[in-house]
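Q: pasting the structure only:
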């Protein structure tokens, strides 16, 4: 029988040189160099007041190293980070064999707040000094991620008022039932179950009443519309994504094309990307050059946003929702259509009668006459009108023709109130009324515009793939915009440190 060397599977005591574990050119080497030599941590260290009294504290430099190393390895939970500090030799080397409790790590990330933005800016200065920012094209992209908030606790004040009243009615019904059954024998188990249910209803109703008292008004959206509130995290938002409806935040980043360095990172409690375009452009102003071009996807397109960029003389390529229909490269996109918006109202709706549309009327462009589906001729009541920058001609039916017409209910939305039908036909763009959207369509449909869209994909998509897949960022673990924004910046900071490590920072 052959003989083999024994394999040891028990506990061993091995001498480990922690300094040898941090290899030059690696992420952890660049991380330690930046924290020890480049970052100003005076503000973080100034939070501690234990010079003469109190227990010793962990150096913020050590905690930053631990958290960023964990994020680079896809470890988010504070308990898992604590375990890594005890079991992983690399974490021991980076932290100097420190083993902070998970509550210490969680509190550090939660309380970092606006300091995360300062750390992000300091690392970005190092990237600029290393020549990693090209300033030729900045690509803007965002991702919607759930946060530590309950989707079931979203609604308007009216919704919460209805929930509280419903719970209070149920509690009163249970109390009345108890009074009626006092004389009847009830098992101890059944009595305990009903008592717990009653306590829960009263407690939740009281919590809703307290929240309504603390928040006397509904949240307002960008255009004055009511935005859903959330009793767990009122700064988060209910958003529709490709994987369903979530309660969370939108993380936005602006990426430089040269080396895919993230120039700005923001987290906002809104699913409307149109609101986020201008704040990101303003935040990257310090790194913008006269020849810098901004690119974004169709979600950031709006007439108001394009107008603000034009007034600021910012060159941008932001396509509209219909640009793919005009581009022959997307001719077969019909088979890849997205699913319906998960936020749409799924309740059955009554069928509405189809009304005649302008295409159902016969318009003769040469004689400028119009005939309705009933064969009656309409008279012109506006031959040189302008609607949203387009020239139009208007027609209206005569009362003697419209009021006795048998097709009246198919022609008018409110036939009992509206006497006659009006219809308008558009003749083209009005001179001097070209909108910013029209100008952007011309830019996007050009050869340079199509090339810029392709370059945007190649610039920003790998960055978000790194954050989402490699770093396993699938949700925010905090509540409140300031805290979530800080966590988003820490992840983007980790990405930038990787870029510095690849280019030999600290070697």
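A: Cool, got the structure. This one's a predicted model, so the numbers in the text were calculated from it and none came from an experiment.

Q: strands of the stretch 51-200 of the chain, start to end?
A: For the stretch 51-200 of the chain, applying DSSP state E, counting those that start in this stretch gives strands covering 137-146, 154-155.

Q: hang on, I meant the stretch 401-507 of the chain
A: Under the criterion DSSP E, counting those that start in this stretch, strands of the stretch 401-507 of the chain are mapped to 422-429.

Q: okay, and for it, where does confidence drop off?
A: Applying pLDDT under 70 to the stretch 401-507 of the chain picks out residues 429-433.

Q: which residues in it form helices?
A: Ranges of helices within the stretch 401-507 of the chain are 408-411, 436-445, 447-465, 481-502, based on DSSP state H, counting those that start in this stretch.

Q: in a markdown table, list those helices along with distance to residue 368.
A: Backbone N, C-alpha and C define where each C-beta goes, glycine included. Formatted as a markdown table, the helices of the stretch 401-507 of the chain follow (distance: least, Cβ to Cβ, whole Å):
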| stretch | distance to residue 368 |
| --- | --- |
| helix 408-411 | 21 |
| helix 436-445 | 25 |
| helix 447-465 | 37 |
| helix 481-502 | 56 |
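
Q: for the ones you listed, which one ends up most surrounded?
A: Mean neighbours per residue, mean count of other Cβ atoms under 10 Å, is largest over the helices of the stretch 401-507 of the chain for helix 481-502, with a mean of 22.

Q: can you give me the buried ones in the helix or strand containing residue 201?
A: Using DSSP states H and E, residue 201 sits within helix 188-214. For helix 188-214, the neighbour count (16 or more other Cβ atoms under 10 Å) marks 198, 201, 202, 205, 208, 211 as buried.

Q: please name the nearest non-neighbouring residue to the fifth one.
A: Closest residue to residue 208 in three dimensions, ignoring its sequence neighbours and counting by Cβ to Cβ, 6 or more residues apart in numbering: residue 164, at 4.2 Å.

Q: ditto for the first one
A: Spatial nearest neighbour of residue 198, excluding adjacent residues (Cβ to Cβ, 6+ apart): residue 174 at 5.0 Å.

Q: residues contacting that neighbour?
A: 194, 197, 198, 201 (Cβ atoms under 8 Å, 6 or more residues apart in numbering).

Q: hmm, back to that, quick one, which of the helices of the stretch 401-507 of the chain is nearest to residue 16?
A: Proximity to residue 16 (Cβ to Cβ) singles out helix 481-502 among these, at 22.8 Å.

Q: tilt between the closest one and helix 447-465?
A: Angle of helix 481-502 versus helix 447-465, following axes from the mean of the first three to the mean of the last three Cα atoms, to 10 degrees, is 100 degrees.

Q: tell me the helices and strands packed up against helix 481-502.
A: In this structure, helix 481-502 makes packing contacts with helix 27-37, helix 60-72, helix 102-112, helix 115-129, strand 244-256, strand 262-268, judged by 3 or more Cβ pairs under 8 Å, 6 or more residues apart in numbering; DSSP states H and E.

Q: make TSV from these and add distance to residue 4 and mean pLDDT to it.
A: Compiled in TSV, the helices and strands packed on helix 481-502 are given as follows (distance: least, Cβ to Cβ, whole Å; pLDDT from 0 to 100):
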stretch	distance to residue 4	mean pLDDT
helix 27-37	36	95
helix 60-72	38	96
helix 102-112	42	95
helix 115-129	51	95
strand 244-256	53	94
strand 262-268	52	96
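
Q: follow-up on the earlier one: so for residue 55, which of the helices of the stretch 401-507 of the chain sits nearest?
A: In terms of Cβ to Cβ, the element of these nearest to residue 55 is helix 481-502, at 25.4 Å.

Q: and the angle from the closest one to helix 60-72?
A: Going by the same axes, to 10 degrees, helix 481-502 makes 80 degrees with helix 60-72.

Q: care to break this protein down by domain?
A: Domains of the chain are assigned by automatic domain parsing as 18-47+57-112, 137-148+235-341+436-486, 157-217, 358-420.

Q: just to revisit the earlier point, what about the helices and strands packed on helix 481-502, which gets the closest to residue 48?
A: Between residue 48 and the helices and strands packed on helix 481-502, the shortest gap by Cβ to Cβ is with helix 60-72, which sits at 8.5 Å.
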